[in-house]
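Engineer: A structural model of the following input is requested.
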Amino acid sequence: MADKSTTRTLTTRVSGLWGTRHQIHEDGELLGTMQVRRNPWGMVVSGEYVPVKGETLVFRRDPGILRSQFSLWTDGREWLGAALRWSMVARTINISTGSKPLRLIPLPGFRRGWRLLAPKSGEMARFQARPFGRGCEITIHRRMDFEQVLFAYFLGSQLLMESLWPGSAEASTGGAVATAS
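Structural biologist: The predicted structure is shown next:
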């Protein structure tokens, strides 16, 4: 029996080594392609999502030295979100969308992947990397904007190996535990 809380399941196919291309599919149908760009030293500097239908989205690295410091824009220059990882050691990525703050944290257990959590309602989406291969399965548990899911996937896809070590206590409680600063 299907899980009633799941609203959508997306899959990705990744190709390329230096500048990766991520094709995003739903039920075998291509939704769009995300291209990740790196500078000559290997650091991700930008990305672009071109859907089959709809508006192109642009991921830009914000100035600063912190990791996962990106912003999400439409090609019409409308700001949709920003992400920041406050610490070089902590693996939590804070995402601001204007309406509510979200957090991207590693999956519990020894698995490659991330969970997108809302402060009060808990897990909104799960990004589970395939055990073999480079693709990912995205399970969306709540109704949310596709742009937010795509932004979280863009951030999490850069840090898949960092998510291998089990998540913290907040990961197992769905975000209900306050984190110590």
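Engineer: Can you check which helix is longest in the protein?
Structural biologist: In the chain, with assignment by DSSP state H, the single longest helix is helix 146-158.
Engineer: Distance from it to the middle of the chain?
Structural biologist: 3 Å (CA atoms, centre = their mean, to the nearest Å).
Engineer: Report the buried residues of it.
Structural biologist: 146-158 (16 or more other CB atoms under 10 Å). (Each C-beta comes from the backbone N, C-alpha and C, glycine too.)
Engineer: any chance of those residues in JSON lines, plus distance to Thr97?
Structural biologist: Formatted as JSON lines, the buried residues of helix 146-158 follow (distance: CB to CB, whole Å):
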{"residue": "Phe146", "distance to Thr97": "12"}
{"residue": "Glu147", "distance to Thr97": "9"}
{"residue": "Gln148", "distance to Thr97": "6"}
{"residue": "Val149", "distance to Thr97": "11"}
{"residue": "Leu150", "distance to Thr97": "12"}
{"residue": "Phe151", "distance to Thr97": "8"}
{"residue": "Ala152", "distance to Thr97": "10"}
{"residue": "Tyr153", "distance to Thr97": "14"}
{"residue": "Phe154", "distance to Thr97": "14"}
{"residue": "Leu155", "distance to Thr97": "13"}
{"residue": "Gly156", "distance to Thr97": "16"}
{"residue": "Ser157", "distance to Thr97": "19"}
{"residue": "Gln158", "distance to Thr97": "19"}
